[in-house]
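J.: show me how the following folds:
(chains A and B)
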Protein chains: 2
Amino acid sequence: MELLYKKIIFDELEKLEITLSESINSDIELATEVSGHIVKSGGKRIRPAICILVAKTLGYSESDLIRLASSIELLHTATLIHDDVVDESLIRRGKESIQAKWDDAHGVLVGDFVYSKAFQLMASFDNPNIIRELANATNKISEGEVLQLSMKRQSNLSEEDYFNIIDRKTAELFKVSAVTAGILCECSQPELDSLNNFATSLGLAFQIQDDILDYYGQENLTGKKVGKDFEEGKFTLPIIVSLKTMNQTNKTRLLSLFKTRKIEHFAEIIALMESEKTTEQLKTIFTHHSDECINELEKLPHNQYRDALENIVRNLDSRLT
Amino acid sequence: MELLYKKIIFDELEKLEITLSESINSDIELATEVSGHIVKSGGKRIRPAICILVAKTLGYSESDLIRLASSIELLHTATLIHDDVVDESLIRRGKESIQAKWDDAHGVLVGDFVYSKAFQLMASFDNPNIIRELANATNKISEGEVLQLSMKRQSNLSEEDYFNIIDRKTAELFKVSAVTAGILCECSQPELDSLNNFATSLGLAFQIQDDILDYYGQENLTGKKVGKDFEEGKFTLPIIVSLKTMNQTNKTRLLSLFKTRKIEHFAEIIALMESEKTTEQLKTIFTHHSDECINELEKLPHNQYRDALENIVRNLDSRLT
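T.: As a prediction, this is how the structure comes out:
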């Protein structure tokens, strides 16, 4: 199903692509070539779309918006490039990752190049609050990465730790996309609070959905392989929720299967999880956050842009059912 | 020989250490621990010292200065952490590097954390020109890293490429240390131009000296092992200069020895270089840049802080003779 925002802000998304391409232009050809491999490979552009839709919901129409949205997408892209080095991921957006196509050194240094381009765009704003929000978000995201790294050695992960990680790694950039758009529009503090709550909840719902689909998604619908988190040994919400109510025998069995990281055990893991009604529990947690999104959205002016934001939330939901 | 600046801005350097320690404080203990391993391990603090000395030469005394100097040192530290991942270096500032003590993932992500802390400090300035200078420098440095990477595959490096790399990788941060200090002091454009020229030349002289000492340094005086660049297969000025006038037989011999990266061939390499009077040529190039530093310094107000800047230049020179 085509998302509403792709039609409604079609022109802005086209301008975004142009700004992204121009931003990574450099005298150093290798920097342009390697960063272009990821920056120009599409992606949903969900974070810049939120930034643009929020600003347009609030009546903003000036050109600063595309620069802001571009800096956010570049920041996101830089974290993806470094994530791929750290996780030794071979595939990104359906293509070879930078570290797979070139090597780790290219991943590290071109990731830094993309970060620096994001910072240059950020620094182009005259409003210091926008720059500070973006710098603080950059820090919170990087702390989330280190927190996740520190958890890797553990044989389990609490629900609290999981939410702490996804709040930093995913929700933070959603939040700053909406809040900086709000600052650009000079909106009121209550509106900024609503934007903060809406986008944080959307980020959490987005990540929870992604983690659920990694266990329960249909590859023909999502285009994504299931079981990737399991194969990488990543504790995510489906496992955490099912372990909470599981008896000791099943728990021991599940954890020992989880450690193997072998896909032939995936079906048994799913069966063990289902005995705990995990999908129902996950749906409840997801719905809590998606309802929060809708509630907060209703505090903003009603127009087609707000409808497109609501459509993003509803679409996440529809993919789970 | 103790450098003059360590006495003259002793208090400021103590405050710098406190700000650096406080900056890397984080709720995420692993981030504080791993970044502290490098941030708190000393180093010459030459870049923040230049920033502080320039501002004090121009009569500045407000507290913003230590924050500016700290952001520059953190930016430098982040690049060192990522350099160590890329070069697989085991030692940094006389201790194990982060990637050696932990692993590449810690190097990449904690490097990003230190970058983000540098950006938070940068974003704390109200003057957008300071932020823009720092963001542009970050970009130019990262381009220098990618340029160096793109040259690695080549079997030779031109003097022009060498200067392009060290201008970006080293001189740029020296330059921005002095120029942002000048902006903080609201100094005139001619003064800013002098600061730019002085610090760029100092950065070039500093890197050239470092590269010369890597071939000709006395380990008992410098505390640094010689032959490291050779063992890493890095083309630097001593090799580039000697190849320029060398006959084909010696050139072929030198390049084939260079490719081995084996320290047992180091003495023969030095002998081949000396037949070209390489040390004299290097001294001429170095002196050109150090003279430029002194000339530009003389355009600034004369006081003990300017003397300390001159002392940094003279000290570089004395280590070569």
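
J.: can we go C-alpha only for contacts and neighbour counts from here?
T.: Noted.

J.: burial measure for A:Asp211, as a count.
T.: Other residues near A:Asp211 number 21, with proximity taken as other C-alpha atoms under 10 Å in any protein chain shown.

J.: OK, contacts around it?
T.: A:Asp229, A:Thr236, A:Leu237, A:Pro238 (C-alpha atoms under 8 Å, 6 or more residues apart in numbering or on different chains).

J.: near chain B, which residues of the stretch 101-250 of chain A?
T.: A:104-106, A:108-110, A:112-113, A:116-117, A:119-120, A:123-126, A:128, A:131-132, A:135-136, A:138-139, A:142-143, A:145-147, A:149-150 (C-alpha under 8 Å from any C-alpha of the partner chain).

J.: just the buried members of those?
T.: A:104-106, A:108-110, A:112-113, A:116-117, A:119-120, A:123-125, A:128, A:131-132, A:135-136, A:138-139, A:142-143, A:145-147, A:149 (16 or more other C-alpha atoms under 10 Å in any protein chain shown).

J.: apart from its chain neighbours, what residue comes closest to the closest residue to chain B within the stretch 201-321 of chain A?
T.: Of all residues in the stretch 201-321 of chain A, A:Glu232 sits closest to chain B, at 14.6 Å by C-alpha to the nearest C-alpha. Excluding the flanking residues, the one nearest A:Glu232 by C-alpha to C-alpha, 6 or more residues apart in numbering or on different chains is A:Arg261, at 6.8 Å.

J.: count of neighbours near the one you found?
T.: Neighbours around A:Arg261, by other C-alpha under 10 Å: 18.

J.: again with A:Ile269
T.: Neighbour number of A:Ile269 under other C-alpha under 10 Å is 20.

J.: swap in A:Gln248?
T.: 10.

J.: make sure A:Tyr216 is actually in contact with A:Lys224.
T.: No - contact criterion C-alpha atoms under 8 Å: A:Tyr216 and A:Lys224 do not qualify, at 10.9 Å.

J.: now the buried members of the contacts of A:Asp211.
T.: A:Thr236, A:Leu237, A:Pro238.

J.: return the distance of the second one relative to A:Gly203.
T.: So that's A:Leu237. Per C-alpha to C-alpha, to the nearest Å, A:Leu237 is found 15 Å from A:Gly203.

J.: so A:Ser124 sits right up against B:Leu134, yeah?
T.: No - using C-alpha under 8 Å, A:Ser124 makes no contact with B:Leu134, being 11.7 Å away.

J.: so what's the gap between the helix or strand hosting A:Thr19 and the chain middle?
T.: Element membership of A:Thr19 [criterion: DSSP states H and E] is helix A:10-23. With C-alpha atoms, centre = their mean, to the nearest Å as the basis, helix A:10-23 stands 20 Å off its chain's centre.

J.: OK, now which residue of the stretch 151-300 of chain A is nearest to chain B?
T.: For the stretch 151-300 of chain A, C-alpha to the nearest C-alpha, closest residue to chain B: A:Met151, 10.1 Å.

J.: which residues does that residue contact?
T.: Contacts of A:Met151 by C-alpha under 8 Å, 6+ apart are A:Leu157.

J.: quick one on the thing from earlier: what about the residue of the stretch 201-321 of chain A closest to chain B, how many residues nearby?
T.: 15.

J.: how about A:Ala137?
T.: A count of neighbours around A:Ala137, defined by other C-alpha under 10 Å, yields 24.

J.: isn't it up against A:Val176?
T.: Yes - between A:Ala137 and A:Val176 there is a contact under C-alpha under 8 Å: 6.7 Å.

J.: before we move on, back to that, can you list the buried ones among the contacts of A:Asp211 in JSON lines and add pLDDT and secondary structure?
T.: Below are the buried ones among the contacts of A:Asp211 laid out as JSON lines (pLDDT from 0 to 100; DSSP: H, G, I helix; E, B strand; the rest coil):
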{"residue": "A:Thr236", "pLDDT": "94", "secondary structure": "coil"}
{"residue": "A:Leu237", "pLDDT": "96", "secondary structure": "helix"}
{"residue": "A:Pro238", "pLDDT": "96", "secondary structure": "helix"}
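
J.: and the helix or strand where A:Tyr162 lies, what does it pack onto?
T.: Assessed by DSSP H and E, A:Tyr162 sits inside helix A:159-166. Packing partners of helix A:159-166 (3 or more C-alpha pairs under 8 Å, 6 or more residues apart in numbering or on different chains; DSSP states H and E): helix A:128-151, helix A:237-245.

J.: next, the angle from whichever strand or helix holds A:Phe174 to helix A:128-151.
T.: Using DSSP H and E, A:Phe174 falls within helix A:172-184. Here the directions of helix A:172-184 and helix A:128-151 differ by 170 degrees (axes from the mean of the first three to the mean of the last three C-alpha atoms, to 10 degrees).

J.: so which elements touch helix A:172-184?
T.: Against helix A:172-184 (3+ C-alpha pairs under 8 Å, 6+ apart) you get helix A:46-57, helix A:64-87, helix A:128-151, helix A:189-216.

J.: which among those is found nearest to B:Thr284?
T.: helix A:64-87 (42.0 Å; C-alpha to C-alpha).

J.: partner strands of the helix or strand following the closest one, with direction?
T.: Next helix or strand after helix A:64-87 toward the C-terminus (DSSP H and E): strand A:91-92. Strand A:91-92 sits in its sheet next to strand A:95-96 (antiparallel), going by DSSP bridges.

J.: centre of the chain to the partner strand, how far?
T.: Distance of strand A:95-96 from the chain centroid (C-alpha atoms, centre = their mean) equals 19 Å.

J.: what does stretch A:21-31 give?
T.: The answer for stretch A:21-31 is 25 Å, by C-alpha atoms, centre = their mean.

J.: kindly report the same for stretch A:4-13.
T.: With C-alpha atoms, centre = their mean as the basis, stretch A:4-13 stands 19 Å off its chain's centre.

J.: cool, and stretch A:274-290?
T.: Per C-alpha atoms, centre = their mean, the displacement of stretch A:274-290 from the mean C-alpha position of its chain is 20 Å.

J.: give the contact list for the closest residue in space to A:Leu20 that isn't next to it in sequence.
T.: Nearest residue to A:Leu20, sequence neighbours excluded (C-alpha to C-alpha, 6+ apart): A:Ser70, at 6.0 Å. By C-alpha under 8 Å, 6+ apart, A:Ser70 lies in contact with A:Leu16, A:Thr19, A:Leu20, A:Pro48, A:Ala118, A:Leu121.
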